[in-house]
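**Student:** got a structure for you, letters missing:
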């Protein structure tokens, strides 16, 4: 492997992003921008009820409306397999996915799709929805995770029994599964503790909040080929889902990923692709289905609301002796919450000799959750870091010093049964300790405005998996790059940079593009912070194959053995072949110019399945100002520190740190699903589900640590998810520092702050 | 869902009145449209004809006369109100209200007149208009008349205009000497938000600048209509202009408020904030009455 | 369904005529009738700014403007900023400062920035953030957008691209 360890000429630089130009001029094609000849507009009928039995669906009146081309319901879908597969960082069970595409005998949440219409105009489609007659038998909804766990709770799925290592329970339950991690002897650990803290926490369901709604356009060719243009993190995953739900061959389905207007985990599972495909088949026209913002909130895949309990003990010397954790995560209407990932991440940064953790995956009458940036970790970290902070306070220790005394190390047994490799939790915490922000004076204030500072330590495990990159050498020495990964964060540039570095060419020589399921090798979804890392490995492999093949071509030109040819990809002579037989040199472009006469097309292919990857620790420092009369929390200063392994394109890495922090700030202070008692969502819009605006976040400071993951050619670790994990915890600890009251809820709205202070 | 309305854009008031009258209950005036178009889309309001008022010159005019006060056309965008030098100099509470509706793009379209006619309990321009003593000029089939803005709204989304009537302009009297006004609202976010509670205050001081000669207070989002806090304002007259008086006025305003709890705020939160925001708005009005600036 | 309206507008410097339903928004007209998909439909109720255009030089959410209202007015969309000579300085600054990630809010951001710099050539960072608060971005955390607007302002004020 051609590994460069020093004097990179491309990696670590800040070239313009390849996709930026089309995006700033407004020409980049996103999901809703696809427009095909004769295209019909599709709309979806959704349940106004959170829990009801469907007695009857009658589309007759809608079908009779002038301009309506087709109406589709569950009757148009074959039975789907009761099989669960990983999709990005989430999972999908095809039977449940079918029921979540078009409801079967029950609707399980406000917004549950029931039928779909294709019509000549959007307006006609809207009118047709009102003409589909649905008769419901209302059932009591269950909206709270703990109420759903009660033995007498209304059941969402009458046939669902709790699964665990012990087997399957006899009585049906809303608890889909439960698990326990056990390490050491927790009872003995608490007996050794001088200080014990125990608190309960609740967090509201939150949404990824991508600006681009879900959108898919489906078209059937006369030869039976189905093409689906869609905004997704994983074209091949969508192809699998369409394949499973339609019972149609993979080879006959082409999924073309568009530019993606934000995903954050929420665009791994399809919601509108199958309805578009069914409507297109029934109407004989291309059909585009675009969700409204309300539909995105009601019926895509937000992240779990939770109830959590954390108890921890420590000695007077500041050593943690035991932890006891209970995590109850809402899965929404169907099983599959990220409670496992939440369990893997809570307290992952600490050496805790004795611990027990119980996790529960619980269905409630809300949309089925999807992945959201480090799924499950932000919730559990909010709980874990608050208790860590309180222990430090009770022991009279600086919160960073307390964390450092208990910091996790390589090889240390973890609560989940694994162990860390090549982590840098200590380095991250030390970077916080030494950061100018942490050491800057903070005027606390004594009047209405109180200020405080808090920190949070965050962990996400990342992912590897399958990626494919093709590099085609052109006659002028430029290289066309095709990757099977969907670019959701600018990765076509960071992948091209790794190819360029390996090839010893400038980035300007590489023109990168996203492929589709017909043109690219199989690639898993762009999730799990894996793309720059794993697809980068594929790019390096493809580049190495290009170089190896170019050796043969140069040898053919020089009429020598390939072993007599050398190529340098480093230094002033980068991009040059030399021949030891005749001491001649040729540039990459000169060899490329003769490809036609030396064997034809030259392509390097990198197909990898990366099975080992490095997790990433990060931390946040937050300074807040609390108005104790209104409960308003304003961020004065915010810093994100993270070990990224190697920053291929630092501007992108900083962007991930700032963007993830901003989502975490929203989660901490503003965002949360609100329901009435009947399960109607009350804030399915951007006015009442409040994303932070430019005014609500400060200029977030970033510090990048580069402690490499040794198994990547350039040391890359996943970056994108860890940044969201710590901010709510850091803000909650800062709020405590400001007002002296611990916060047990997310979001920490002004009303909640005032309630916590006993003012209202 | 309402998709089937027509659109007309008359260029005189008379023509607009005629269209509205002929259109009956299905005809609605359209100003900035930032509320109305969304409401039509979600079926919250119905219409079969929108009468766009933005091409009528009088409705887009702003005129300040030191003898007569301000005449503000009903279709003047909030941004123009908030940027207008005379309005900034003489009617700061209106600048506070018009300058905080939506975000910068919304304020380029949304109008103060539209904010009033939308008659939302949380309309940010209405309490300022009330405390500044504004009157609404209404044109209709039977000619025109003026009514105080304080009686314009009659319920959530409801106002006193009859069929065929339209708001033409708002008239604000010249500010009295030693007076100041301020509107403050509480929202979770800095902008792009809707008042959990808002309070407008207007104060007139005596010559020593120490005592309150006259006061008006109006509140948003705490009752089915923008609410005049009469008791609190009356109590202030003759009292020292200090924080103790303002705190008591805040308590009296709390007794007047009749808030509900909803997704934007809990009932106890709103009641509490009435006291806080009233007190703070009075402080702002006081500083302006004394000639201080409180912006930025 | 009411009769269609005939609209004549000066769109990105060219006179354009189209027919639309009275209830169709300018955003729908741009995207579905005129094929200009640069303005995005992020919320359709004026709360995200992704559909921003300039209407008679003023910043507007095109989802809150009827197509019919554009009759006789000038409309500038993101497609009208760059020309064959290259990117508009604001677009160039967004590229240089990484003022975008997914790019979905970007057309609206750039239009909003143009509306700001057209009226205030030297806004402070605070003023930029206040003006842009109506444009939601879920990716960047806003800092690089603020920097891009600042850089564009310097460039437009003749201070060179490095400003």
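**Tutor:** Thanks, I have it. Values in this document were obtained by computation on a predicted structure and should not be read as measured data.

**Student:** in the stretch 151-296 of chain B, which spans are helices?
**Tutor:** With DSSP state H, counting those that start in this stretch applied, the stretch 151-296 of chain B shows helices at B:230-236, B:243-256, B:267-289, listed in chain order.

**Student:** return the residues of the stretch 1-150 of chain A in contact with chain C.
**Tutor:** Residues of the stretch 1-150 of chain A found near chain C, taking Cβ under 8 Å from any Cβ of the partner chain as the criterion, are A:14, A:16-17, A:19-21, A:23-30, A:32-33, A:35, A:122-123. C-beta here means a position set from N, CA and C on the backbone, and glycine is covered the same way.

**Student:** tell me the domain ranges of chain A?
**Tutor:** Listed domain ranges for chain A are A:20-27+A:463-610, A:34-139+A:212-261+A:267-299, A:306-462+A:614-756 (source: automatic domain parsing).

**Student:** as JSON lines, the ones you listed with mean pLDDT and distance to residue A:167 would be great.
**Tutor:** As requested, the domains of chain A are exported to JSON lines (pLDDT from 0 to 100; distance: least, Cβ to Cβ, whole Å):
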{"stretch": "domain A:20-27+A:463-610", "mean pLDDT": "97", "distance to residue A:167": "30"}
{"stretch": "domain A:34-139+A:212-261+A:267-299", "mean pLDDT": "97", "distance to residue A:167": "18"}
{"stretch": "domain A:306-462+A:614-756", "mean pLDDT": "97", "distance to residue A:167": "16"}
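
**Student:** for the closest residue to residue B:25 other than its chain neighbours, give its distance to chain A.
**Tutor:** On the basis of Cβ to Cβ, 6 or more residues apart in numbering or on different chains, the spatially nearest residue to residue B:25 that is not a chain neighbour turns out to be residue B:163, at 6.1 Å. Distance from residue B:163 to chain A, counting by Cβ to the nearest Cβ, to the nearest Å: 27 Å.

**Student:** my guess is residue B:163 contacts residue B:19, does it?
**Tutor:** No. Between residue B:163 and residue B:19 no contact is recorded; they are 11.8 Å apart, counting by Cβ atoms under 8 Å.

**Student:** inside helices: which ones of the residues of the stretch 1-150 of chain A next to chain C?
**Tutor:** A:20, A:21, A:23, A:24, A:122, A:123 (DSSP state H).

**Student:** may I ask which of these has the most neighbours?
**Tutor:** Neighbour counts for these (other Cβ atoms under 10 Å in any protein chain shown) peak at residue A:24, which has 29 neighbours.

**Student:** per the annotation, how does chain C divide into domains?
**Tutor:** Chain C is divided into the following domains under automatic domain parsing: C:5-80, C:89-156.

**Student:** just put these in JSON lines and tack on mean neighbour count.
**Tutor:** Below are those laid out as JSON lines (neighbours: other Cβ atoms under 10 Å in any protein chain shown):
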{"stretch": "domain C:5-80", "mean neighbour count": "22"}
{"stretch": "domain C:89-156", "mean neighbour count": "24"}
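
**Student:** nearest to residue A:175, of those domains?
**Tutor:** domain C:89-156 (32.8 Å; Cβ to Cβ).

**Student:** average pLDDT for the closest one, rounded please.
**Tutor:** On average, the pLDDT along domain C:89-156 is 98.

**Student:** got a list of what residue A:265 touches?
**Tutor:** Counting by Cβ atoms under 8 Å, 6 or more residues apart in numbering or on different chains, residue A:265 touches A:88-90, A:208, A:233, A:301, A:303, A:370-373, A:375, A:527.

**Student:** out of the residues you listed, which are inside helices?
**Tutor:** Secondary-structure check on those using DSSP H: no residue lies within helices.

**Student:** mind putting those residues in CSV, distance to chain B and neighbour count included?
**Tutor:** Conversion of the contacts of residue A:265 to CSV gives the following (distance: Cβ to the nearest Cβ, whole Å; neighbours: other Cβ atoms under 10 Å in any protein chain shown):
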residue, distance to chain B, neighbour count
A:88, 30, 27
A:89, 29, 27
A:90, 28, 24
A:208, 19, 21
A:233, 28, 29
A:301, 22, 26
A:303, 19, 32
A:370, 23, 30
A:371, 26, 30
A:372, 21, 29
A:373, 21, 28
A:375, 26, 31
A:527, 29, 31
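
**Student:** which residue is the nearest non-sequential neighbour of the residue lying farthest from the centre of chain A?
**Tutor:** Farthest-out residue of chain A from its mean C-alpha position, per Cα atoms, centre = their mean: residue A:582, at 53.9 Å. In space, residue A:582 comes closest to residue A:558 once its chain neighbours are excluded; the distance is 6.4 Å by Cβ to Cβ, 6+ apart.

**Student:** mind checking how far that neighbour is from chain C?
**Tutor:** When residue A:558 is compared with chain C (using Cβ to the nearest Cβ), they lie 42 Å apart.

**Student:** residue A:7 - how many residues pack around it?
**Tutor:** Residue A:7 is surrounded by 8 other residues when neighbours are defined as other Cβ under 10 Å.

**Student:** look up how far chain B lies from it.
**Tutor:** Taking Cβ to the nearest Cβ, one finds residue A:7 at 46 Å from chain B.

**Student:** cool, and residue C:41?
**Tutor:** Summarising the geometry, the distance separating residue C:41 from chain B, computed by Cβ to the nearest Cβ, is 12 Å.
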